[in-house]
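Student: below: sequence and its predicted model.
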Amino acid sequence: MDVVLIVNTLFQVEDKNGLVEEAWRVVAPGGRAVVIDWKDSFDNMGPHPSHVVSKDTARSLFERGGFTYIDDVPAGDFHYGVILRKKN
């Protein structure tokens with residue numbers, strides 16, 4: 001695959017490293033992962049506060065998994081978005 005989209009999923013996954021490994025497995029060299037998730041709980045409109053995964057944490061997870069940060073992507077008032085590229 002050239003791009004994998006991980007949208008409103010990261011906060012729900014128990015094995016976040018496993019998710020990153022699977023993204024790495026299915027994305028072609030030089031391909032991208034786009035991660036969009038909640039910025040905060042917003043008084044429980046979003047996920048429980050203990051489940052929110054910050055943008056910095058998401059970025060770090062993917063960088064440790066072999067991806068390189070490319071850029072932020074606008075995702076609205078309640079979400080963040082990041083684009084990462086699979087290292088060759």
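Tutor: Looks like it arrived, so ask away. Numbers count the residues shown, from 1 in each chain.

Student: so which residue is dead centre in this protein?
Tutor: Central residue of the chain (Cα atoms, centre = their mean): Val35, 3.2 Å from the mean position.

Student: which ones are touching that residue?
Tutor: Residues near Val35 by Cβ atoms under 8 Å, 6 or more residues apart in numbering: Ile6, Val7, Leu10, Ala58, Phe62, Gly81, Val82, Leu84. Where C-beta positions appear, they are placed from N, C-alpha and C, glycine not excepted.

Student: pretty sure it sits in a helix.
Tutor: No. Applying DSSP: H, G, I helix; E, B strand; the rest coil, one finds Val35 to be strand, outside a helix.

Student: which residues in the protein form helices?
Tutor: Applying DSSP state H to the chain gives helices spanning 16-26, 55-64.

Student: nearest to Ala75, out of those?
Tutor: Ala75 lies closest to helix 55-64 among the helices of the chain, at 9.8 Å (Cβ to Cβ).

Student: alpha carbons of the closest one, in CSV - could you do that?
Tutor: In CSV, the C-alpha atoms belonging to helix 55-64 read as follows (Å, rounded to 0.1, in the frame of the first residue of the first chain):
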residue,chain,number,x,y,z
LYS,A,55,0.1,14.0,19.0
ASP,A,56,3.6,13.9,20.4
THR,A,57,3.1,10.4,21.7
ALA,A,58,1.6,9.2,18.4
ARG,A,59,4.5,10.7,16.5
SER,A,60,7.0,9.1,18.9
LEU,A,61,5.4,5.7,18.5
PHE,A,62,5.6,5.8,14.7
GLU,A,63,9.1,7.3,14.7
ARG,A,64,10.3,4.4,17.0
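
Student: and that helix, how far from the chain's centre?
Tutor: 7 Å (Cα atoms, centre = their mean, to the nearest Å).

Student: all strands for this protein, in order.
Tutor: Secondary structure of the chain (DSSP state E): strands at 3-7, 32-38, 67-72, 79-86.
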